[in-house]
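> After the sequence you'll find the predicted model.
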Amino acid sequence: MVDQLARLALFPKATRVNDQGHLVIGGCDTVELAAEFGTPLYLFDEQHLRDKCADFVNEFGQRYAGTTVIYACKAFINKAIALLLNEEGLGLDVVSGGELGIARSVGFPPEKVYFHGNNKSADEISMALDWGIGRIVVDNFHELKMLNEIAGEKGCVPEILLRLSPGVDPHTHSYITTGTVDSKFGFPLASGEEAVVSSLALSNLKPVGLHFHLGSLIFEIEPYQQAIELILGFAADMRRKHGFELGELGIGGGFAVQYTLDTPALPVSAYAELIAKSVRHKSQELGIPLPQLVIEPGRSVVAQAGVALYRAGVVKDIPGVRCYVSVDGGMADNIRPALYGAKQEAVVANRMTEKEGREVTIAGKFCESGDILIRDISLPQVEAGDVIAVPGCGAYCLPEAMNYNASFKPAVVMVKDGQARLIRRRETLEDLMRCDVL
Ligand code: LLP
């Protein structure tokens with residue numbers, strides 16, 4: 001039977017247990033935080049988050065000088081996080097007018113922002129150009145034409161990357177696989193030449209590079225090498241035939257994180273080592289200048305920094321079948337288990353030093369049988385009122401949160417050195433009805 005304490009490895013780095021047997025994150029007693037801010041509550045460990053940003057900048061930077069690190073906002077963004085990322089020197093990958101608007105609202109430097117998306121609207125493109133966005137990552141021919149027209153009207157010449165789908169399978173869940181040929185994202189490699197030729201011919205666009213993104217939660221590194229070699233080979237071909245210069249190579253994000261004790265992930269250094277080596281070797285072999293390298297990690301920056309706290313309510317024991325522990329959140333704040341079959345772990349934050357007693361299933365409170373957060377996990381005896389902490393909730397939980405059953409999206413707190421600061425308040429009934437019109 002696994003000791004709860006072993007699961008501390010899945011929490012932010014400095015997480016510990018205090019004399020009362022309570023889980024302590026960022027120097028704050030999580031049982032006290034749950035009482036003060038209410039539950040479900042999402043915590044972000046500020047130091048862990050900053051260290052992760054630095055990790056990407058340093059591990060890639062020391063192996064490939066000047067690597068541009070842009071954070072994929074879709075993993076989780078709000079004003080406080082955007083400010084922190086700017087302080088840490090990261091750029092941003094935004095995919096909507098909404099994400100762009102959050103970045104703009106805190107004075108994020110527009111030149112450090114890349115605009116992605118497979119169906120950008122004319123309004124979004126217009127907004128991005130007016131703001132002076134750094135790069136537009138063009139996904140398809142429709143966008144190429146529209147962007148050229150809008151840029152022409154505005155009298156600007158945006159720098160663009162072309163997104164290619166290299167046709168490499170990164171062996172992850174099909175919902176988060178993007179770089180295969182059968183994908184809604186990017187120009188298939190077979191249409192790549194036409195995309196390059198068109199973009200060179202469009203007078204209001206300045207093509208400066210190529211981009212690919214293979215998918216998310218990629219535990220292997222070989223797919224990156226495979227895709228880099230393919231895309232660089234393509235770039236060399238385009239240089240020879242059309243004089244296309246690869247100034248930048250975006251290799252996407254997708255780096256895995258460890259959600260459960262039995263699914264370890266590679267350190268950032270391992271991805272950095274192979275990616276830097278592949279770009280350098282292949283460019284030399286092909287005789288093309290080394291491109292600027294752009295990486296866009298999302299999950300791997302924020303996932304482990306974030307922890308969800310729930311309060312246990314009903315404990316329903318069906319003898320010989322299963323014991324359900326229902327908590328006060330669930331699929332409305334974390335749809336990942338229901339949507340991707342994602343596996344996560346948990347601890348009872350107020351019983352950290354108690355022995356694990358039995359196997360339970362942690363269920364959410366929403367009206368769906370599929371609203372199960374964790375199936376069959378062994379925990380100390382849980383009672384109503386206990387605080388359940390789920391690690392690995394920093395990425396793709398809050399941004400995919402919803403108001404199912406007219407629930408309120410949770411509050412979010414940043415913790416550091418024993419201080420907790422609210423970075424998003426809990427929604428209220430008024431928030432829920434704000435858009436209703438009678
Ligand atoms: N770049 C592009 C173009 C992307 O589409 C994504 C993620 C990233 C970067 C960042 O990937 P990451 O480093 O976070 O793996 N909701 C899903 C994941 C969706 C990923 C969408 N694209 C989940 O919870 O597993």
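Here it is on my side, so go on. Because the structure is predicted, anything quoted here is derived from the model rather than measured.
> Let's see the pLDDT reported for residue 1.
With respect to pLDDT, residue 1 scores 51.
> And the helix or strand containing residue 362, what's buried?
Using DSSP states H and E, residue 362 falls within strand 358-363. Neighbour counts over strand 358-363 (16 or more other Cβ atoms under 10 Å) mark 360-363 as buried. Yep, even glycine has a C-beta here, placed from its N, CA and C like the rest.
> contacting residues around that strand?
With Cβ atoms under 8 Å, 6 or more residues apart in numbering as the test, strand 358-363 has contacts from 315, 322-327, 330, 346, 371-379, 381-382, 388.
> that older thread, would TSV of the buried residues of strand 358-363 with pLDDT and distance to the ligand be doable?
Output for the buried residues of strand 358-363, formatted as TSV (pLDDT from 0 to 100; distance: Cβ to the nearest ligand atom, whole Å):
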residue	pLDDT	distance to the ligand
360	97	24
361	98	21
362	98	18
363	98	20
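> Among those residues, which one lies nearest to residue 421?
residue 362 (28.1 Å; Cβ to Cβ).
> measure the closest one to residue 6 for me?
Applying Cβ to Cβ, to the nearest Å, the value for residue 362 to residue 6 is 18 Å.
> what do you get for residue 60?
From residue 60 over to residue 6 (counting by Cβ to Cβ), the distance is 31 Å.
> in the longest strand seen in the chain, what counts as buried?
For the chain, the strand with the greatest residue count under DSSP state E is strand 306-318. Neighbour-count burial for strand 306-318, counted by 16+ other Cβ under 10 Å, picks out 306-312.
> what does the average pLDDT come to for it?
Mean predicted lDDT for strand 306-318 stands at 98.
> same check, this time on stretch 106-118
98.
> wait, does that stretch contact the ligand?
Yes. Interface with the ligand: stretch 106-118 contributes residue 116 (Cβ under 6 Å from any ligand atom).
> can you count the residues close to residue 21?
The tally of other residues near residue 21 (other Cβ atoms under 10 Å) stands at 16.
> That one and the ligand, how far apart?
Distance from residue 21 to the ligand, counting by Cβ to the nearest ligand atom, to the nearest Å: 32 Å.
> Quick check: that residue touching residue 351?
Yes. Applying Cβ atoms under 8 Å, one finds residue 21 in contact with residue 351, separated by 6.4 Å.
> can you list the weak-confidence ranges in the chain?
For the chain, the stretches flagged by pLDDT under 70 are 1-2.
> one more time with 90
Across the chain, the ranges flagged by pLDDT under 90 are 1-3, 66, 170-182, 355-358.
> So which residues on it come close to the ligand?
72, 74-75, 93, 116, 176, 178, 213, 216-217, 252-255, 296-300, 336, 340, 396.
> contact partners of stretch 124-132?
Against stretch 124-132 from outside (Cβ under 8 Å, 6+ apart): 96-97, 100-101, 104, 110-111, 113, 115, 117, 120, 136, 143, 146-147, 150-151, 154, 156, 158.
> From the chain's centroid, how far away is it?
Here stretch 124-132 is found 23 Å from its chain centre; the criterion is Cα atoms, centre = their mean, to the nearest Å.
> How about stretch 145-156?
So, by Cα atoms, centre = their mean, the centroid of stretch 145-156 is 31 Å from its chain's centroid.
> Show me which residues of that stretch are buried.
146-148, 150-151.
> for stretch 47-61, same thing?
For stretch 47-61, a neighbour-count test (16+ other Cβ under 10 Å) marks 47-50, 52-53, 55-57, 59-61 as buried.
> ok so, going back, only the buried subset of the contacts of strand 358-363, as a PyMOL command please.
Of the contacts of strand 358-363, the buried ones go into a single PyMOL selection, burial set by 16+ other Cβ under 10 Å:
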select buried, resi 323+325+326+327+330+346+371+372+373+374+377+379+382+388
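> From what I see, residue 9 and residue 261 are in contact.
Yes. Counting by Cβ under 8 Å, residue 9 touches residue 261, with 7.1 Å between them.
> Measure how buried residue 269 is and give me the count.
Residue 269: 14 neighbours (other Cβ under 10 Å).
> Once you drop chain neighbours, what's closest to it?
Excluding its sequence neighbours, the residue lying closest to residue 269 (Cβ to Cβ, 6 or more residues apart in numbering) is residue 59, at 4.8 Å.
> what helix or strand does that neighbour sit in?
Counting by DSSP H and E, residue 59 is part of helix 46-61.
> Can you give the distance of that helix from its chain's centre?
15 Å.
> Mind listing residues that contact the helix or strand following that helix?
Counting by DSSP H and E, the next helix or strand C-terminal to helix 46-61 is strand 68-72. Defining contact as Cβ under 8 Å, 6+ apart, one finds that strand 68-72 is touched by 53, 56-57, 60, 85, 89-93, 112-114, 248, 253, 292-299, 301.
> Extract the C-alpha set from strand 68-72 and format it as PDB.
Taking Å, rounded to 0.1, in the frame of the first residue of the first chain, the C-alpha atoms of strand 68-72 are listed here in PDB:
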ATOM      1  CA  THR A  68      12.600  31.800 -27.300                       C
ATOM      2  CA  VAL A  69      10.300  30.300 -24.600                       C
ATOM      3  CA  ILE A  70       6.700  31.200 -25.100                       C
ATOM      4  CA  TYR A  71       4.100  29.900 -22.600                       C
ATOM      5  CA  ALA A  72       1.000  28.300 -24.100                       C
END
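> ok so, going back, got the angle between the longest strand of the chain and strand 358-363?
Between strand 306-318 and strand 358-363, the angle comes out at 110 degrees (axes from the mean of the first three to the mean of the last three Cα atoms, to 10 degrees).
> quick one: strands adjacent to strand 306-318?
Here strand 306-318 has these sheet partners by DSSP bridges: strand 41-45 (antiparallel), strand 322-327 (antiparallel), strand 387-391 (antiparallel).
> what's the angle from the first one to helix 46-61?
Put simply, strand 41-45 runs at 50 degrees to helix 46-61, going by the same axes, to 10 degrees.
> who touches strand 41-45?
For strand 41-45, using Cβ under 8 Å, 6+ apart, the contacting residues are 12-15, 25-26, 28, 30, 33-34, 81, 302, 305-309, 333, 393-394, 397-398, 410-416, 420, 423.
> buried subset of those?
Looks like those have 12, 15, 25-26, 28, 30, 33-34, 81, 302, 305-309, 333, 393-394, 397-398, 410-416, 420, 423 buried, using 16+ other Cβ under 10 Å.
> Just these: which are in strands?
Checked against DSSP E, the buried ones among the contacts of strand 41-45 include these in strands: 25, 28, 306-309, 411-416, 420, 423.
> May I see the buried residues of the lengthiest helix in the chain?
Taking DSSP state H as the criterion, the chain has its longest helix at helix 222-242. Across helix 222-242, burial judged by 16+ other Cβ under 10 Å covers 223-232, 234-236, 238-239.
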